[in-house]
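Colleague: The following comprises the amino acid sequence and a computationally predicted model.
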Amino acid sequence: MSEVVRTVVVKSTPLSRKLFRVFVELEGMYRNMVEQLVLYAVRNGVTSFTKLKALKYKEMRSLYPQLPSHYVHTVCQDVSTRVKSFLKRRRRGLAKKDYPEVRRVSIWLDDHLWRMRSLTSIEIATHRDWVAIELEPHKRYWEYVNSGWRLAPGVRVRLDKRNRRLIIYLVFKRSSEAYKPRGFISVDVNENHAAVLVDGKVYLFETGFRDIVLGYYYRRRRVQEKYDKLYGVNCRVKRRILRRLKERRKKSDLRWKLANIVARAARERQYAIVLEELGEEPANEMINHVRDDQLRHRIYQASFKGVQKTVEEKAREYGVPVVYVDPRNTSRTCPVHSAEITYSNGSRVGRCSKGGELWHRDVVACYNLLLRVRLGDGSSAPSLGGFNLDGSPVPLGSTATHDPILITHEVWARWKSLDVMNKHELKRINI
């Protein structure tokens with residue numbers, strides 16, 4: 001039994017100036033407490049929420065007696081997470097300052113500081129008593145409300161001072177239990193593609209991450225060259241322009257859509273998902289011998305680990321079990337003859353040194369992942385034995401799938417499952 005957590009962002013209706021001033025005052029007091037406790041916690045090395053609350057609760061209550069007492073609890077929780085992150089970065093040598101800088105503040109609320117008034121309104125405890133706030137629910141909010149998700153007790157609130165709104169971060173939870181798998185779907189993630197092996201067919205999803213990374217790389221460089229000379233490195237205009245590029249949002253959208261397709265296909269067939277065990281920071285290992293700055297940047301931004309984490313998160317939501325196996329030499333070993341596959345001139349198509357058949361690099365990786373999990377090699381999955389695969393020396397054997405089915409980004413980003421793909425004409429990469 002596992003618990004899945006999702007955060008849904010909901011905006012409030014525009015507030016009056018008098019009502020919004022109440023939350024501006026509340027944010028000011030909250031920020032002052034955060035700044036004071038951050039300095040104290042870093043100076044004394046306090047990272048525990050309970051210890052920090054025991055040491056500073058009376059002092060904070062005496063400074064802000066008009067606030068409900070539970071704001072001290074939530075401030076200590078907020079500070080604890082900030083200090084832990086800062087000290088971890090400082091141990092790694094990534095922190096440039098002695099103390100963390102408090103830039104943005106979100107007001108943390110526990111179950112004593114807020115409550116649901118209805119499905120479209122909430123109440124928040126402030127220094128001016130309880131205040132009712134009307135929400136503007138959207139499609140995603142109603143989807144979680146009406147599909148069995150329960151609302152968690154803690155939320156966060158951020159002020160939109162330009163539009164005089166509150167931005168509420170609601171947390172939904174749901175418990176799911178993984179089933180016993182009847183088969184496996186193997187997934188191999190690359191820089192610009194993700195290969196998925198389902199029932200003997202390999203679908204090659206074109207993610208386009210490389211084009212996205214390079215496009216934003218050149219845009220950022222042009223913006224930096226222009227504004228660094230005019231206003232300096234830390235100018236506000238440049239930061240505002242870079243925030244509008246939304247590279248992270250586009251890549252995240254593609255990851256979640258791909259994960260949704262894979263998880264749905266596995267749940268419909270009662271299969272488990274097989275992924276490569278890449279380690280903590282796979283990009284660092286890949287760039288050890290790479291000197292090209294652009295290629296190093298592409299590898300860092302390729303989202304190998306990000307795609308896997310998103311697939312795993314979506315699988316937990318659907319109750320799909322996930323198995324990790326050793327990825328060593330999965331694209332270099334023939335799954336039929338266990339011999340080396342040789343690639344020439346940077347081609348993604350190689351030839352088995354023993355059998356002579358041709359293999360696409362992504363196809364052979366998917367088959368090797370499936371073979372390892374079925375044989376119980378490098379995983380906790382039960383051994384189901386091998387699988388039938390024709391290794392005849394012709395490019396396309398009678399039962400082997402040596403070439404993937406290419407699905408372009410424009411096509412799969414609008415679909416919900418692999419069943420829809422079977423009804424459409426797809427591009428096949430012929431060797």
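Modeller: On my side now, so go ahead.
Colleague: from here on, contacts and neighbour counts on C-alpha atoms
Modeller: Noted.
Colleague: Would you mind pulling up the elements that the helix or strand hosting residue 184 packs against?
Modeller: Here residue 184, judged by DSSP states H and E, is contained in strand 183-189. Counting contacts by 3 or more CA pairs under 8 Å, 6 or more residues apart in numbering; DSSP states H and E, strand 183-189 packs against strand 193-198, helix 247-269, strand 271-276, helix 304-318, helix 361-374.
Colleague: Kindly recompute the last result at 10 Å.
Modeller: If you count contacts as 3 or more CA pairs under 10 Å, 6 or more residues apart in numbering; DSSP states H and E, strand 183-189 packs onto strand 193-198, strand 201-206, helix 247-269, strand 271-276, helix 304-318, strand 322-325, helix 361-374.
Colleague: Mind listing the strands that strand pairs with, and their directions?
Modeller: Here strand 183-189 has these sheet partners by DSSP bridges: strand 193-198 (antiparallel), strand 271-276 (parallel).
Colleague: Indicate which one of those is closest to residue 123.
Modeller: Of all the strands paired with strand 183-189, it is strand 271-276 that lies closest to residue 123, at 42.4 Å by CA to CA.
Colleague: That closest one vs helix 304-318, what angle?
Modeller: Counting by axes from the mean of the first three to the mean of the last three CA atoms, to 10 degrees, strand 271-276 lies at 160 degrees to helix 304-318.
Colleague: Domain-wise, how is this structure divided?
Modeller: Segmentation of the chain into domains, based on automatic domain parsing, reads 2-176, 183-208+247-428.
Colleague: Low-confidence regions, the stretch 151-300 of the chain specifically.
Modeller: Applying pLDDT under 70 to the stretch 151-300 of the chain flags residues 279-290, 300.
Colleague: sorry, back to before: report the inter-axis angle for the strand holding residue 184 versus helix 361-374.
Modeller: Using the same axes, to 10 degrees: strand 183-189 against helix 361-374 is 140 degrees.
Colleague: how far does strand 183-189 sit from the chain's center?
Modeller: Distance of strand 183-189 from the chain centroid (CA atoms, centre = their mean, to the nearest Å) equals 19 Å.
Colleague: ok, back up a step: what's the closest of the helices and strands packed on strand 183-189 to residue 234?
Modeller: Checking the helices and strands packed on strand 183-189 against residue 234 by CA to CA gives helix 247-269 as the closest, at 20.2 Å.
Colleague: okay, that closest one in CSV with CA atoms only?
Modeller: The C-alpha coordinates for helix 247-269 follow below in CSV (Å, rounded to 0.1, in the frame of the first residue of the first chain):
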residue,chain,number,x,y,z
GLU,A,247,11.6,25.6,-20.7
ARG,A,248,11.0,23.6,-17.5
ARG,A,249,7.2,23.8,-18.0
LYS,A,250,7.3,22.4,-21.5
LYS,A,251,9.6,19.5,-20.6
SER,A,252,7.5,18.7,-17.5
ASP,A,253,4.4,18.6,-19.6
LEU,A,254,6.0,16.1,-22.1
ARG,A,255,7.2,13.9,-19.2
TRP,A,256,3.8,13.7,-17.6
LYS,A,257,2.0,12.9,-20.9
LEU,A,258,4.5,10.2,-21.7
ALA,A,259,4.3,8.7,-18.2
ASN,A,260,0.5,8.7,-18.4
ILE,A,261,0.6,6.7,-21.7
VAL,A,262,3.0,4.1,-20.3
ALA,A,263,1.2,3.8,-16.9
ARG,A,264,-2.2,3.4,-18.6
ALA,A,265,-0.9,0.7,-20.9
ALA,A,266,0.6,-1.2,-18.0
ARG,A,267,-2.5,-1.0,-15.9
GLU,A,268,-4.8,-2.2,-18.7
ARG,A,269,-2.7,-5.3,-19.3
